[in-house]
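Visitor: Sequence and predicted structure are below.
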Amino acid sequence: MYYGVDGCRAGWIAIGLDKAGRCEVLLLTEFSELGGRLGSASLALVDIPIGLPSRQQPDRGCDRAARRWLGSAASSVFPAPARQSLYADSYLGACDINEQLLGKRLSKQSWHISSKIRQVDEFLAQYPLAPVREMHPEVAFSALNGGRELSFKKKTEQGQALRLEILTRCLPDAPQIVATTRARYPKRASLADDDILDALVGAVTASHQADLATLPPQPLRDERGLPMEVVYSRRCLEP
């Protein structure tokens, strides 16, 4: 099974695809709930920073590479926090720790996802061989679109239609998967439409396992040995 995982207000959405075309959709409270399925999974791609910066290695080259790739959408790549700042009791406390270690304060966007970063980081500390790698949905969509920038932002109706069109080129069942998932979890306060698309592009990308590449091509590793990478597919289907 190939999983794409994205954070949402309810916790996490995980979409799995297998080689026979079967699909599994899970809404999870904690990332660790996916653990039992990863034993037999080929790969899970998650939209969360995995290799984290430190005083010894403050620069995540994958973030710079992803921003260059995305061009006008570069702001969708949030700066990753230092691992120690994930355990702060407040935003100001996290900022102080991050500034001490990395020389810069923490963005509000990074603070808002810090609990999710911590969940994945703690899971990988316990299961370092789990087949979990980092992706960024906008890089993944652009890669499947021949490396071209997407014309519309993902929160817009046009943006979601474009992303679904890209997915459908790779996976003809994509519209049905999205519609079925939306019907199963109708409360948009817990699960936004773009969360479903982001998880599905992760699953589609993971299913291209033999054709995966990384930003940068030779990722550095963090203090725990986790790669600082953004995974994308070199396989694209032209419109």
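Guide: Everything's here; your move.

Visitor: Pick out the residue nearest the middle of the chain.
Guide: Centroid-nearest residue in the chain: residue 47, 1.1 Å away (criterion: CA atoms, centre = their mean).

Visitor: residues in contact with that residue?
Guide: Applying CB atoms under 8 Å, 6 or more residues apart in numbering to residue 47 gives the contacts 5-7, 134-137, 198-199, 202. Any C-beta I mention is one placed from the backbone N, CA and C, and that applies to glycine too.

Visitor: if we look at the sheet, which residues does the residue lying closest to residue 29 once chain neighbours are set aside bridge to?
Guide: Once flanking residues are discounted, residue 29 sits nearest to residue 11: 4.2 Å by CB to CB, 6 or more residues apart in numbering. Using DSSP bridges, the bridge partners assigned to residue 11 are residue 8.

Visitor: what pLDDT does residue 11 get?
Guide: Per-residue pLDDT puts residue 11 at 97.

Visitor: could we number from 147 for the rest of this?
Guide: New numbering, starting at 147: the last item is residue 157.

Visitor: contacting residues around it?
Guide: Contacts of residue 157 by CB under 8 Å, 6+ apart are 173-176.

Visitor: so where do the helices sit in the protein?
Guide: For the chain, applying DSSP state H gives helices covering 181-184, 207-216, 237-248, 254-258, 260-272, 283-290, 303-316, 320-330, 339-353.

Visitor: now those as CSV including mean pLDDT and mean neighbour count?
Guide: Below are the helices of the chain laid out as CSV (pLDDT from 0 to 100; neighbours: other CB atoms under 10 Å):
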stretch, mean pLDDT, mean neighbour count
helix 181-184, 89, 14
helix 207-216, 96, 19
helix 237-248, 96, 17
helix 254-258, 92, 16
helix 260-272, 97, 18
helix 283-290, 97, 25
helix 303-316, 96, 17
helix 320-330, 96, 15
helix 339-353, 97, 26
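
Visitor: okay if I get the ones you listed as TSV plus distance to residue 161?
Guide: TSV is the format used below for the helices of the chain (distance: least, CB to CB, whole Å):
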stretch	distance to residue 161
helix 181-184	12
helix 207-216	22
helix 237-248	30
helix 254-258	23
helix 260-272	17
helix 283-290	12
helix 303-316	11
helix 320-330	7
helix 339-353	4
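
Visitor: nearest residue to residue 343 other than its sequence neighbours?
Guide: Nearest one to residue 343, counting by CB to CB, 6+ apart, is residue 309 at 4.9 Å.

Visitor: I'd say the one you found and residue 345 touch.
Guide: No - counting by CB atoms under 8 Å, residue 309 stays clear of residue 345, with 11.7 Å between them.
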